[in-house]
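Undergrad: Build me a structure from this.
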Amino acid sequence: MNADDSTAESVDLHTESHDPQVPEAWSAFMRQGWADPAVELPAQPVAPYARARRERLAEAFRGERLVIPAGGYKVRANDTEYRFRPDTAHAYLTGNQTSDAVLVIEDGEAVLYARPGAGRDTDEFFRDRVYGELWVGRRPSAQELSDSLGITVRHVDELGPELRKAGKTRVLRGVSTEVDALIEPDESRDQDFARVLSEMRLIKDEWELGELAEACDITALGFEDSVREWQNAQRYGERWIEGTFFRRARAMGNDLGYDSIVGGGSHATTLHWIHNTGAIVPGEMVLLDMGVEGRNLYTADVTRTLPISGRYTRLQRDLYDLVYAAQEAGIAEVRPGARFRAPHEAAMVVLAHGLDDLGLLPVSVDEALSEDNKTYSRWTLHGVSHMLGLDVHDCAAAGEAAYGKESTLAEGMCLTVEPGLYFQADDLLVPEELRGIGIRIEDDMVVTADGSRNLSASLPRAADDVEAWMGRYL
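TA: Residues are numbered from 1 along each chain as shown. Sure thing, here's the model as predicted:
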């Protein structure tokens, strides 16, 4: 028998050519003598919120079948997979974090089609590298999932026949190739479905705001960990800070919300510098853009630009104070009824005037700020805000409702405010002393009834406060 054959069932197993052969005697012996594996899962705190969200979604699409997959494992290299993380919309509507599950809502009824463990009377139990309990750990049973999530659960093998039934169906596409193949696509209908799923998440409920606050608190601890280990950071470079922060994220949260950006020196001018292979050199600054994803998958997104020696030089402080003033102007615009773009526009006015004071603008400030010019953007590059939640760039498909020119903020929205200045090392239009300097300051804001609340306020922002904070550890 070769290593890919099953001795007892016809189910395809995820095995490798270098796995040992499995004679019938071994297979039979592995199917006996095990204690009852039943484990009671705790009730998920998101369950009542998820139920209400499903009801809202069903009401929006009466008479239609709605299909929201969790997705499956993705290959990292050869026979190794990335750690699984469910699709955001699926997690939002179910709280489920197991792979291969699919939520189906139809006629007001919600069913989670899941892949429980195959049981200890199958070869999957000890042979399957992707789903086998002895390879990757125990998967909850259908009943355990149902009790924990407060939703009807059926085996995913029943999904195909269900989806082949006649009826108007909308699918969240691009999450599961298997699900996509089961239903003929309708681009307009499916895109509209994705938009609605994003728009639903714009306003965070009380439970979500608590999750975001916790993610920010853990993130602050990760920043503190990094500064505590500053000597090792200077010895081993950007990688040390990346690893230090990751340890905190895994210990208290689920994972990183996104790949950490640790930009020492001129690496800070690369917006998404995630290689983190450079040195941490005294006299320079390091830009740290890092966020913890909590156990229920809500993420923080915080940036600080720190002086590696513990104190900013005069030039570094002048530039930092300019970015800080821009962020303060942006934060002041976060309130109900304000346009989403108002924080960006306020911050850009401050930065454009600062760039003019440095003698860098090729035109007047007013002309540079006009929509048909924007030459100041050479040194600011990006927008100041994005929504935040289960995704670091949350509600991405919401379109005009979230990111349009006239879209407005409402109580319960969570967004970043993150202006920056970036002088590239090879930019001949700036004085030499500015080249290679990048600065960004980012905080996570919740829109409240009368303004906003900074979820990441425990991390110092003002230059004096940053220096005092670092001084406690250096």
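Undergrad: tell me which residues in the longest helix belonging to the chain are buried?
TA: Looking across the chain with DSSP state H, the single longest helix is helix 206-228. By neighbour count with 16 or more other CB atoms under 10 Å, helix 206-228 contains the buried residues 208-209, 211-227. C-beta: built from backbone N, CA, C; applies to glycine.
Undergrad: Send me that helix as CSV with only the CA atoms.
TA: C-alpha atoms of helix 206-228 as CSV (Å, rounded to 0.1, in the frame of the first residue of the first chain):
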residue,chain,number,x,y,z
GLU,A,206,-20.4,48.1,22.9
TRP,A,207,-18.8,44.6,22.9
GLU,A,208,-16.7,45.5,19.8
LEU,A,209,-15.5,48.7,21.4
GLY,A,210,-14.4,46.7,24.4
GLU,A,211,-12.5,44.3,22.2
LEU,A,212,-10.8,47.2,20.4
ALA,A,213,-9.8,48.9,23.7
GLU,A,214,-8.3,45.6,24.9
ALA,A,215,-6.3,45.2,21.7
CYS,A,216,-5.0,48.7,22.1
ASP,A,217,-4.0,48.1,25.8
ILE,A,218,-2.1,44.9,24.8
THR,A,219,-0.5,46.8,22.0
ALA,A,220,0.8,49.5,24.4
LEU,A,221,2.3,46.7,26.5
GLY,A,222,4.1,45.4,23.4
PHE,A,223,5.6,48.9,22.7
GLU,A,224,6.8,49.0,26.3
ASP,A,225,8.3,45.5,26.0
SER,A,226,10.2,46.8,23.0
VAL,A,227,11.7,49.8,24.7
ARG,A,228,12.6,47.6,27.8
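Undergrad: Would you map out the domains in this structure?
TA: The chain breaks down into these structural domains: 24-200, 206-471 (assignment by automatic domain parsing).
Undergrad: is it possible to export those to TSV including distance to residue 16 and mean pLDDT?
TA: Formatted as TSV, the domains of the chain follow (distance: least, CB to CB, whole Å; pLDDT from 0 to 100):
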stretch	distance to residue 16	mean pLDDT
domain 24-200	6	94
domain 206-471	26	98
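Undergrad: tell me the most buried of the ones you listed?
TA: domain 206-471 (a mean of 19; mean count of other CB atoms under 10 Å).
Undergrad: now it, how far from the centre of its chain.
TA: Chain-centre distance of domain 206-471: 16 Å, with CA atoms, centre = their mean, to the nearest Å.
Undergrad: next one: stretch 78-86
TA: Here stretch 78-86 shows a centroid-to-chain-centroid distance of 16 Å under the convention CA atoms, centre = their mean.
Undergrad: now the helices for the stretch 101-250 of the chain?
TA: With DSSP state H, counting those that start in this stretch as the criterion, the stretch 101-250 of the chain has helices at 124-127, 133-136, 142-149, 159-163, 177-182, 187-200, 206-228, 230-236, 238-252.
Undergrad: Among those, which comes closest to residue 385?
TA: Set against residue 385 and scored by CB to CB, those come closest in helix 206-228, at 15.1 Å.
Undergrad: how about the helices in the stretch 301-450 of the chain?
TA: Remark: helices assigned in the stretch 301-450 of the chain by DSSP H, counting those that start in this stretch are 314-332, 342-357, 365-369, 400-403.
Undergrad: and the angle from the first one to helix 342-357?
TA: Direction vectors for helix 314-332 and helix 342-357, defined by axes from the mean of the first three to the mean of the last three CA atoms, to 10 degrees, enclose an angle of 150 degrees.
Undergrad: Report all helices and strands that helix 314-332 contacts.
TA: Helix 314-332 sits against strand 302-307, helix 342-357, strand 414-417, strand 420-423, strand 437-440, strand 443-448, helix 463-471, with contacts defined as 3 or more CB pairs under 8 Å, 6 or more residues apart in numbering; DSSP states H and E.
Undergrad: Ok, which of those comes nearest residue 374?
TA: helix 342-357 (8.7 Å).
Undergrad: Tell me what angle that closest one forms with strand 443-448.
TA: Using the same axes, to 10 degrees: helix 342-357 against strand 443-448 is 140 degrees.
Undergrad: residues making contact with helix 342-357?
TA: 322-323, 325-327, 329-334, 361, 364-365, 368-369, 376, 379-380, 383-385, 409, 415, 417, 419, 421 (CB atoms under 8 Å, 6 or more residues apart in numbering).
Undergrad: how about 6 Å then?
TA: Applying CB atoms under 6 Å, 6 or more residues apart in numbering, the contact partners of helix 342-357 are 322, 325-326, 329-330, 333-334, 361, 365, 368-369, 376, 380, 383-385, 417, 419.
Undergrad: go on, stretch 169-177?
TA: With contacts defined as CB under 6 Å, 6+ apart, stretch 169-177 is touched by 64-69, 71, 87, 89, 180, 183, 189-190, 193.
Undergrad: what's the nearest residue to residue 413 if we skip its chain neighbours?
TA: Of all residues not flanking residue 413 in the chain, residue 447 sits nearest, at 4.6 Å (CB to CB, 6 or more residues apart in numbering).
Undergrad: Bridged to that neighbour, which residues?
TA: Counting by DSSP bridges, residue 447 is bridged to residue 452.
Undergrad: quick one: it and residue 417 touch, right?
TA: No: assessed by CB atoms under 6 Å, residue 447 is found out of contact with residue 417, at 11.4 Å.
Undergrad: where's residue 85 relative to residue 144, distance?
TA: Distance of residue 85 to residue 144, computed by CB to CB, to the nearest Å: 20 Å.
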